[in-house]
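[1] I need the structure of the sequence given here:
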Amino acid sequence: MRLKGNPGRLWLAPDGEGEAAGARDSAPARLPFTTDTLAELDPRVVDNAIADWWEHATPDQRDGLEQVTVRAPHRSLKAFEVRAFLTGSGFVIKCQKPEPPTDENVYVTVPGMSQPLKDPSLARLAVALKLVDPADDNAWFDIIVVGGGPAGLSTAVYAGTEGLKTLVIEDDVPGGQVGPSTQIANYFGFPDGIAGFELARRALKQARKYKVAWQPAHQATELRIGDAQKPHEVTVGGTETHTYKAGAVVLASGLKATQMDVPGLKPLLGRGVYYSALAVDAPETTGDRVAIVGGGNSAGQAALHFAKYTKDVTIIIRGDSINWRALRSRTTKRTTSATWTPAGCISCSAESRTSAGSARRRRRRSPCPPSRVPC
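    Here you go, the predicted model:
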């Protein structure tokens, strides 16, 4: 988290001395810890503690932190895409209801800008947040990497350490599909696991250390293959269209979540039906009923998180058992509101007063494919 003003830091007080406090005058925000020495703290513990402090901070304390304000209907596909991009890029979000309530537009206020952005594209938002490393048209690179997930970022790190001029083009946020995962247990070098966002943040920081250029929310729209006489050319679309030249192009475009072909689903996307679950959105489900389609670890993580707020959580899967062994025991211990049922989705509908989706279920096997819902 970045603090306004000169302090620009969060004071971590060992031994739990004093009370948590927001930034005041020239003093930074303060967060006490219970530990012998600050040096013994694992970075993940610090990150989790800061996140916990933010969750319980008062509005006055939160005002001491830089944040991006999103004013829009909560159940809006455009607003959800903006919140997902900001969350994946590591920004603190302050959500506001539209004024007047019937206004369907999305307004994003970025620190340092006097006027909000109206219905910005993700590329425009990335530029406004100064996330994009600009490059001149027809600029030359030794390597252009298409895709900013673990494969793409690791390629960029290796290229950067060899002194190669490198550009990474990513159509979303760093980390790709691993970004929303709350716990990755099988990634090399992290025996205790690591959150997807933290893995992506570290990888991008390491790449930029070696002067790798980074362009999120931009798409590679065309690739022209070169030969011994001329370089490869990659056309990139964002707020503007540019063509870059490269001696080598690495395609690390990753995967897309499986989407369901269910009657009535498409009109509800972003209005109660989602292909991903944001932690920042969970409090909005307080008292609601939530259904999660899929039985993998991502679905289990989402169920655990939403069960803290919702009236109940139903996990809909086609098989007779769930795959998340460890998460299943944690669900039993931590909450009684998460249940699972062997079924498949056959249709999707909504109540007009809320635009919240509700799925009809077919018992046992169903022809519809499973959908991952990462948290």
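[2] where in this structure is pLDDT low?
    1-66, 320-347, 350-375 (pLDDT under 70).
[3] for it, which segments count as helices?
    Along the chain, the segments classed as helices by DSSP state H run 43-56, 59-62, 77-88, 122-128, 150-161, 196-209, 297-306, 325-334.
[4] what does the third one contact?
    So the one you mean is helix 77-88. Residues from elsewhere that reach helix 77-88, judged by CB atoms under 8 Å, 6 or more residues apart in numbering: 68, 70, 72-73, 93, 95, 106, 108, 119-120, 122, 125-126, 172-175, 179-180, 197, 200, 217, 269-271, 274, 276, 278-281. All C-beta atoms are positioned from the backbone trio N, CA, C, and that covers glycine.
[5] repeat that for 7 Å
    Residues outside helix 77-88 that contact it (CB atoms under 7 Å, 6 or more residues apart in numbering): 68, 70, 72-73, 93, 106, 108, 119, 122, 125, 172-173, 179, 197, 217, 269-271, 274, 276, 278, 280-281.
[6] out of these, which are inside strands?
    With DSSP state E as the criterion, strands contain Val68, Val70, Ile93, Val108 from among the contacts of helix 77-88.
[7] show me the contacts for the last one.
    Looking back up the chat, that one is Val108. Val108 is in contact with Val68, Val70, Val82, Pro116, Leu117, Pro120, Leu125, counting by CB under 7 Å, 6+ apart.
[8] now the buried members of the residues you listed.
    Burial of these was assessed by neighbour count (16 or more other CB atoms under 10 Å); the buried members are Val68, Val70, Val82, Leu117, Pro120, Leu125.
[9] tell me the one of these nearest Lys256?
    Distance to Lys256, by CB to CB, is smallest for Val82 among the buried ones among the contacts of Val108, at 19.6 Å.
[10] distance-wise, check the closest one relative to Phe91.
    Val82 is 11 Å from Phe91, where distance means CB to CB, to the nearest Å.
[11] next one: Asn138
    Taken as CB to CB, the span from Asn138 to Phe91 is 32 Å.
[12] which one of these two has more residues nearby?
    With neighbours defined as other CB atoms under 10 Å, Asn138 and Phe91 compare such that Phe91 has more, 20 against 10.
[13] can you count the residues close to the nearest residue to Pro174 once chain neighbours are set aside?
    Sequence neighbours aside, Ala200 is the residue nearest to Pro174 in space, at 4.1 Å (criterion: CB to CB, 6 or more residues apart in numbering). When neighbours are defined as other CB under 10 Å, Ala200 has 26 of them.
[14] which residues touch Ala200?
    Counted by CB under 7 Å, 6+ apart, Ala200 has contacts Pro174, Gly175, Val178, Gly179.
[15] any chance of those residues in CSV, with neighbour count too?
    As requested, those are exported to CSV (neighbours: other CB atoms under 10 Å):
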residue, neighbour count
Pro174, 29
Gly175, 28
Val178, 20
Gly179, 25
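[16] of all these, which two lie farthest apart?
    So, these by CB to CB: farthest apart are Pro174 and Val178, at 9.6 Å.
[17] hang on, Thr285 packs against Lys308?
    No. The pair Thr285 / Lys308 is not scored as a contact, 9.6 Å apart, by CB atoms under 7 Å.
[18] same drill for those two, tell me which one is more crowded.
    Relative neighbour count places Thr285 above the other of Thr285 and Lys308, with 18 against 14, counting by other CB under 10 Å.
[19] now do Glu284 against Thr310, distance only.
    Taken as CB to CB, the span from Glu284 to Thr310 is 10 Å.
[20] and these two? Which one has more around it.
    More crowded of Glu284 and Thr310, by other CB under 10 Å: Thr310, with 20 against 12.
[21] how many residues are close by Gly148?
    30.
[22] same deal with Asn105?
    14.
[23] over to the one 10 residues further on?
    As a burial measure, Gln115 scores 8 neighbours (other CB under 10 Å).
[24] the domain parsing of this structure - what is it?
    Per automatic domain parsing, the domain ranges recorded for the chain read 10-62, 68-128, 140-251, 266-363.
[25] for Met260, which of those is the nearest?
    domain 266-363 (6.1 Å).
[26] distance of Gly149 from Pro191?
    22 Å.
[27] and if you look at Gly264?
    For Gly264 relative to Pro191 (CB to CB), the value is 45 Å.
[28] what's the answer for Tyr210, then?
    26 Å.
[29] likewise for Gly287?
    Taken as CB to CB, the span from Gly287 to Pro191 is 39 Å.
[30] shouldn't Ser253 be in contact with Val146?
    Yes. The criterion here is CB under 7 Å, and Ser253 meets it with Val146 at 5.8 Å.
[31] ok, Gly149 and Pro191, which is more surrounded?
    Gly149 (23 against 8).
[32] measure the more buried one to Tyr158 for me?
    15 Å.
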